[in-house]
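>>> Got a predicted structure plus its sequence, pasted below:
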Amino acid sequence: MNMVIITGGSRGIGASTALECARRGLGVILTYNSQAAKADQVVSQITASGGKAAALQLDVGDTRSFASFRKEVERVLGSDQLAGLVNNAGYGLYNPIATVTETEFDGLMNVHLKGPFFLTQALLPLMKPGASIVNLTSATTRVATAGVAPYAAFKGGLEVLTRYMAKEFGEQRIRVNAVSPGAIRTELGGGLNDAFETLLASQTALGRVGEPEEVARVIATLLTEDGGWINAQTIEVAGGYNI
Ligand SMILES: NC(=O)c1ccc[n+]([C@@H]2O[C@H](COP(=O)([O-])OP(=O)(O)OC[C@H]3O[C@@H](n4cnc5c(N)ncnc54)[C@H](OP(=O)(O)O)[C@@H]3O)[C@@H](O)[C@H]2O)c1
């Protein structure tokens, strides 16, 4: 069975991606940071329908843990190699540039740019030829949105890194793409309330916010042969956000 890793698979887009991958016949290693019970629920849902899944703890902001994380991944894989990696874990923070602290800046950088860089480096030796990497970025890289400057800047860096990864890993026949969601109904940044949802829907051509499953289907497509000739792209999945 082809095995993929999804970071931040306990909730939101990552959990939906884990379920969608399982539906398409992939085995899933999903990671969680603090919410083990939610990760276990996703694993149970997959195994109950005959799929293969395991949950591992990982703080993507802590690169010192990546060597031991890789060992745990090797243990789960056994003799298998990895067919995919989704660098999805993340969190939102609203604070204007004038008041962002260095600690907040470093935290966002570690999770959204440094973490995906070194986690991919750590797992690269476990990846099989033909594997696929998907990096989650954000439509805030295209549209300047109040209060999310460092987050958006690191997501922009991740889009650049996506092209460099695609170039360097092409020799190993590994594809690398970014998926850039618009406004999606998850718990990111504290989630949606009615007023915020109405605002985001009004900024979206299709007149509503997106659902995590709608992003998950695109990620799963990029992980499988359906997306086999798509490489080095950023695909915005946003229903036409701020166009
Ligand atoms: N929702 C949107 O509108 C939107 C828009 C653009 C981009 N995105 C991007 O899409 C990705 C998924 O976001 P989401 O909306 O699904 O968020 P979410 O519902 O808040 O879920 C976040 C996930 O990331 C994990 N996580 C958070 N910090 C972590 C850390 N330091 N180390 C490891 N895991 C960590 C969480 O683990 P625990 O459950 O264990 O805490 C959880 O599984 C993120 O990269 C986000 O920036 C989302």
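Nice, I can see it.
>>> Any buried residues in stretch 162-181, and which?
Neighbour counts using 16 or more other C-beta atoms under 10 Å place 162-163, 165-166, 169, 174-181 of stretch 162-181 among the buried residues. Quick note: C-beta positions are derived from backbone N, CA and C, even for glycine.
>>> what subset of the residues you listed is also close to the ligand?
Taking C-beta under 6 Å from any ligand atom as the test, the ligand is in contact with Pro181 out of these.
>>> roughly how far apart are the nearest residue to Ala205 once chain neighbours are set aside and the ligand?
Nearest non-adjacent residue to Ala205, counting by C-beta to C-beta, 6 or more residues apart in numbering: Gly240, 2.9 Å away. Gly240 sits 14 Å away from the ligand, going by C-beta to the nearest ligand atom, to the nearest Å.
>>> From Ala144, how far out is Gly240?
For Gly240, the distance to Ala144 (C-beta to C-beta, to the nearest Å) stands at 17 Å.
>>> Of the buried residues of stretch 162-181, just say which sits nearest to the ligand.
Distance to the ligand across the buried residues of stretch 162-181 (C-beta to the nearest ligand atom) is lowest for Pro181, with 3.8 Å.
>>> sorry, back to before: who has more neighbours out of Gly240 and Ala144?
Gly240 (13 against 10; other C-beta atoms under 10 Å).
>>> quick one: the strands in the protein?
Assigned by DSSP state E, the chain shows strands spanning 3-6, 27-32, 53-57, 82-87, 127-136, 175-181, 234-237.
>>> which of those sits most buried?
Highest mean neighbour count among the strands of the chain (mean count of other C-beta atoms under 10 Å): strand 3-6, with a mean of 28.
>>> who does that strand pair up with?
strand 27-32 (parallel), strand 82-87 (parallel) (DSSP bridges).
>>> for the ligand, what are the nearby residues on the chain?
7-8, 10-14, 32-35, 38, 58-61, 88-91, 111, 136, 138, 181, 183-184, 186-188.
>>> Now do the same contact list for the residue of the chain most remote from its centre.
The C-alpha centroid of the chain is most remote from Ala98, which lies 28.5 Å away (C-alpha atoms, centre = their mean). Neighbour list for Ala98: empty [criterion: C-beta atoms under 8 Å, 6 or more residues apart in numbering].
>>> Just the pLDDT for it.
pLDDT recorded at Ala98 is 98.
>>> looking at it, Leu223 is touching Gly25, isn't it?
No - under the criterion of C-beta atoms under 8 Å, Leu223 makes no contact with Gly25, lying 11.0 Å away.
>>> Tell me which of those two has more neighbours.
Leu223 (27 against 11).
>>> Which strand residues bridge the nearest residue to the more buried one once chain neighbours are set aside?
With sequence-adjacent residues excluded and distances taken as C-beta to C-beta, 6+ apart, Leu223 is closest to Gly84, at 4.3 Å. For Gly84, the residues forming beta bridges with it (DSSP bridges) are Val4, Ser132.
>>> residues contacting Gly84?
Taking C-beta under 8 Å, 6+ apart as the test, what Gly84 contacts is 2-5, 21, 26, 131-134, 223.
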